[in-house]
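> Okay, sequence plus prediction incoming.
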Amino acid sequence: MRRVGLEKQAKAQQIYARLKAFFGEPMWIPCPDVVDELIGTILSANTNDTNSGRAFRQLKARFGEDWDAVRLAPLAAIKEAIRPAGMQQQKATHLVATLERLKHDQGDYTLAHLAALPVHEAFAYLTTLPGVGHKTASIVLLFCFNRGAFPVDTHIQRISQRLGIGPRRATPEKLKAIWEGLLPPETFYTLHINLIQHGRTLCDARAPKCELCPLQTICDYFNGAGEWQTPP
C-alpha cells in the first residue's frame, strides 16, 4: 500500500509539473471582495458561469453594494434578480440565511477572520453557511486567501478519473481529499487553474485531444490501464 501511495504521489507531481510547463504558472491575485465571491459561488451551483454572472450582476444592480438591502428585501425581489442562475427559490433562501449568519457572527458582512484560522477550521465554518458545500468553501479559501483547499469542478473530476488519480466513480469531494493528500498546498492554485484549462482545451468530455496531451504517458485513459481497460 505504501508503494502504491508513493507511486500516485509521484504521478501527481508529474501532472503538476507537466501542466505548469505546458500552460504556464498563473499568478494568484486575491479576490477584491470575499463576500462577493461567496455569494457569486452560491449562485453558480448547477449552472454555468454566464448565467451565474448575469444573476450576480442583476442582484448588484437591483440592491447595490448594500448587503443589508439584500438581507432585508422581500424574497420575491431577490428571486427575480437572480432568476438567470436557476433554482432561485433555494438560492434566494440560502443567500438571505448566509447574510444573516455573517451579520450575527461577525457583526458585518465579512469573512476576514478566516485568514487567521487553520484551513480545516475555516473550511468547517464556511460549510456551516446555508448553500455552501465543499466546492464553494474550497473556492473561497483558494481564490480569496490562497489557502490549502482544492476545489473540484466537472473538468477536474473528469481529468482526475481519466488520469487514475481517483477511481472512475469517485465523487468531487473524494477527489478533493485525494489531491490534498498528494501535493503541498502551495501547488493547489496553479494545478487547479491548469487542470481547468486542460479540460477546456484538450481533455474534452466527449472528444479528448489525446494526441496533443502533455500527460499522455501517465494517463490511464490513454494507455488503457487500470479501470479504463474495460468500456465504461
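Right, received. Where do you want to start? Numbering: from 1, shown residues only.
> Which SSE is immediately downstream of the helix ranked longest in the chain?
Across the chain, the longest stretch assigned as helix under DSSP state H is helix 2-23. Later in the chain than helix 2-23, the nearest helix or strand by DSSP states H and E is helix 34-43.
> Can you name every helix or strand that that following helix contacts?
Applying 3 or more C-beta pairs under 8 Å, 6 or more residues apart in numbering; DSSP states H and E, one finds that helix 34-43 contacts helix 49-63, helix 88-106, helix 134-139. Using the backbone N, CA and C atoms, a C-beta is placed for each residue, glycine as well.
> returning to that earlier point: any idea of the mean pLDDT in the longest helix of the chain?
Mean pLDDT, helix 2-23: 90.
> same thing with stretch 83-92?
Averaged over stretch 83-92, pLDDT sits at 93.
> Can you mark which positions in that stretch are buried?
The neighbour-count check on stretch 83-92 (16 or more other C-beta atoms under 10 Å) flags Arg83, Pro84, Ala85, Gly86, Met87, Gln88, Lys91, Ala92 as buried.
> How far away from the center of its chain is the lowest-mean-pLDDT helix or strand in the chain?
One helix or strand of the chain scores below all others by mean pLDDT, DSSP states H and E: helix 2-23, with a mean of 90. In terms of C-alpha atoms, centre = their mean, to the nearest Å, the centre of helix 2-23 is set 20 Å apart from its chain centre.
> Show me what counts as buried in that helix.
Lys8, Lys11, Ala12, Ile15, Tyr16, Arg18, Leu19, Lys20, Phe22, Phe23.
> picking up where we left off before, any chance of TSV for the buried residues of stretch 83-92, columns distance to Ala61?
Shown next, in TSV, are the buried residues of stretch 83-92 (distance: C-beta to C-beta, whole Å):
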residue	distance to Ala61
Arg83	13
Pro84	12
Ala85	14
Gly86	19
Met87	20
Gln88	16
Lys91	17
Ala92	16
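> Could you name the helices and strands sitting against the longest helix of the chain?
Using 3+ C-beta pairs under 8 Å, 6+ apart, the elements in contact with helix 2-23 are helix 172-182, helix 188-201.
> low pLDDT regions in the protein?
Scanning the chain for pLDDT under 70 picks out 1-4, 229-232.
> For Ser138, see how far away the spatially most central residue of it is.
Most central in the chain under C-alpha atoms, centre = their mean is Pro151, positioned 3.3 Å from the mean C-alpha point. Applying C-beta to C-beta, to the nearest Å, the value for Pro151 to Ser138 is 4 Å.
> Let me see the contact set for the nearest residue to Lys174 once chain neighbours are set aside.
Leaving aside its chain neighbours, Lys174 sits nearest to Gly166 (6.2 Å; criterion: C-beta to C-beta, 6 or more residues apart in numbering). By C-beta atoms under 8 Å, 6 or more residues apart in numbering, the contact set of Gly166 is Ser160, Lys174, Leu175, Ile178.
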